[in-house]
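Student: below are the sequence and a predicted model; questions follow.
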Amino acid sequence: MEYGKLNVNVISDNDSTPISGATVRITNENEPERIIEETITDNQGQVNEVELEAPPLEYSMDPTANKPYSEYTVFISAPGFETVEVNGAEIFSGETAIQNASLFPVSESEPGSAETFVIPDHTLWGDYPPKIPESEIKTVEETGEIVLSRVVIPEYVVVHDGPPSDRSAKDYYVKYRDYIKNVASSEIYSTWPTATIQANVLAIQSFTLNRVYTEW
C-alpha cells in the first residue's frame, strides 16, 4: 500500500487569524462512517503530515482504468465558528496535499451552521463536456476597459462562473497566483516530473495572459 500526506490550515474568515484547537476529522469517501484520523489544530491553526492511503504512483503516470488518487472528506469545527465539510480531497502517492479552510464566526445566539464544499473529479479523470469552440478571428469592439501597450502580470483575474454567453453567471475576482495554482492543480497531476509541471504551468500562464491582454 502506498501513502500520501495531507496538511490542513484553518483560519477565521473575519481577519484571517489562525484558529487553534479546531477539530479536524478525516474519513474515506468510500467509508464515510469510519473515522481515519481525528486531531486538533496547533497554535498556527495547522494539522500537518497526516498520512493517508493512496493508489500506486504509476496510475498517475499513464492513462489507465484506475483512479490515480484517493478521495477523503475533511470535517473542520471549532467553538464559535461554523462547521466546514470538504468532500473529495485528493491524495496522490508520495505527495502532500494542502487543504485551506476559512471558518465563518457565529454568535452563541445563532443556530449551528455548516458549509459544504465539493471538489469535483480531476479534469484528467472526470467526464467533462468538450471546450466550447471559439472563432479564430474576432471583431475588435470597444469595451470601456484600458488595454495596456504591453503584457503585464495582473494582481487579480476575473473568472466568469459559466459559459461566456451566460450573462447571469457571477464574476469573481481571484488573485492571479491563486488562479494559476488552482488551474494547475485541476489540470495536471502533482506526481509528474518537475519539468513537465513547469511546462504546463507556463502554458496555463500564457493562455491566461492572452485572455487578460486581448480581453477575449
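Tutor: Yep, it's here.
Student: helix, strand or coil for the residue nearest the centre of the chain?
Tutor: The residue lying closest to the centre of the chain (C-alpha atoms, centre = their mean) is Asn182, at 5.2 Å. Under DSSP: H, G, I helix; E, B strand; the rest coil, Asn182 falls in the helix class.
Student: over to Arg211. Which of the three states is it?
Tutor: Per three-state DSSP, Arg211 ends up helix.
Student: what's the closest non-adjacent residue to it?
Tutor: Once flanking residues are discounted, Arg211 sits nearest to Val157: 7.9 Å by C-beta to C-beta, 6 or more residues apart in numbering. C-betas here are computed from N, CA, C, even on glycine.
Student: now whichever strand or helix holds the one you found, how far from the chain's geometric center?
Tutor: Per DSSP states H and E: Val157 is located in strand 156-160. Relative to its chain's centre, strand 156-160 lies at 15 Å (C-alpha atoms, centre = their mean, to the nearest Å).
Student: just checking: what are the partner strands of it?
Tutor: Strand 156-160 pairs in its sheet with strand 171-175 (antiparallel), by DSSP bridges.
Student: quick one: mean pLDDT for the strand it pairs with?
Tutor: Averaging pLDDT along strand 171-175 yields 95.
Student: can I get the CA coordinates of that strand in CSV?
Tutor: C-alpha atoms of strand 171-175 as CSV (Å, rounded to 0.1, in the frame of the first residue of the first chain):
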residue,chain,number,x,y,z
ASP,A,171,-17.9,37.1,-12.0
TYR,A,172,-15.3,36.5,-9.3
TYR,A,173,-12.1,38.4,-8.7
VAL,A,174,-9.3,35.9,-8.0
LYS,A,175,-5.7,36.6,-7.2
